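> I'd like to go over a predicted model; first the sequence, then the structure.
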Amino acid sequence: MEKWLNFYRPFFATEAEALSFVQACEQLVPPDNAAKIMMHQAQRLVSLADDIQGLRPHREALQILFLMMCAENISKLHEGFHGEGQSRAHVQRFFDRFLADSDKTTLGSGFKLYGQPGMPSLGLHDVVSMLYDVRCDVVHEGNYWGFTFHDGDTPMVNSDPDVMAYITYEQFRSILVRGCIHAVQERLPAP
């Protein structure tokens, strides 16, 4: 239980709330244990994304790969989807359905079109699509060096896609984890 608590604790207001969340998931048994599997998978995939920093520093496209895998996995588990394909649709569903409005706004305004007059924000749908494309570049082309988040001090220019990143990896990670928690909570059986 400590592994799950250590991961989820920062996303709850109190230790008791984090413990209640983890315990509610951990008590579930098959065949009604989707929330438990989702809680475990989110921790595993996000932790893998975090670990990449130690293996390949400044290769945030690799981290995006695992975070987008997490969004897809959580969406499919939440829906009870057992088929193949529809990955992009499930990733989009995750961000549309499970993010709080404030997180949707933060993510949607976190990237701006570089070189465009007024540098407009992409908006949520286009940001998710762009990040999914980054994931695809890693998977299908082996390109894991072409994308960078805001570094905490300076917005970062990306050339493919041609955007300025105004959001950090940590901010994006937190948005995703909060979305995972929301999805898990929806799948918990009523008390």
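Received it, and whenever you're ready, just let me know what you need.
> tell me where this structure has strands.
111-113, 156-159, 162-165 (DSSP state E).
> closest one to V128 among the ones you listed?
strand 111-113 (10.4 Å; C-beta to C-beta). Glycine gets a C-beta too; all of them are placed from N, C-alpha and C.
> which outside residues touch that closest one?
M119, P120, S121, L122, V127, M130, D162, V163, M164, A165, Y166, I167 (C-beta atoms under 8 Å, 6 or more residues apart in numbering).
> now those as TSV including neighbour count?
Listed next are these as TSV, based on neighbours: other C-beta atoms under 10 Å:
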residue	neighbour count
M119	14
P120	10
S121	19
L122	19
V127	22
M130	17
D162	11
V163	25
M164	18
A165	23
Y166	18
I167	19
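> closest one of those to R9?
Checking the contacts of strand 111-113 one by one against R9 (C-beta to C-beta), the nearest turns out to be I167, at 23.0 Å.
> just give the closest residue to that closest one, not the sequence neighbours.
In space, and not counting its chain neighbours, I167 is closest to G110: 3.1 Å by C-beta to C-beta, 6 or more residues apart in numbering.
> ok, E186 next?
H78 (6.7 Å).
> correct me if wrong: that neighbour contacts I37.
No - H78 lies out of contact with I37 (C-beta atoms under 8 Å); the separation is 10.4 Å.
> what's the farthest-apart pair in the contacts of strand 111-113?
So, these by C-beta to C-beta: farthest apart are D162 and I167, at 16.4 Å.
> tell me the confidence at the residue lying closest to I64 once chain neighbours are set aside?
Spatial nearest neighbour of I64, excluding adjacent residues (C-beta to C-beta, 6+ apart): V134 at 5.0 Å. For V134, the pLDDT comes out at 96.
> lowest-pLDDT helix or strand in this structure?
Least confident helix or strand of the chain, by mean pLDDT, DSSP states H and E, is strand 156-159 with a mean of 89.
> send me that one as CSV with only the CA atoms.
Output in CSV follows, covering the C-alpha atoms of strand 156-159 (Å, rounded to 0.1, in the frame of the first residue of the first chain):
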residue,chain,number,x,y,z
MET,A,156,10.5,26.4,-25.2
VAL,A,157,10.3,26.6,-29.0
ASN,A,158,9.5,23.3,-30.7
SER,A,159,9.9,23.1,-34.5
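> who does that strand touch, helix- and strand-wise?
When contacts are defined as 3 or more C-beta pairs under 8 Å, 6 or more residues apart in numbering; DSSP states H and E, strand 156-159 sits against strand 162-165.
> what count of nearby residues applies to S47?
S47 has 13 neighbouring residues, counting by other C-beta atoms under 10 Å.
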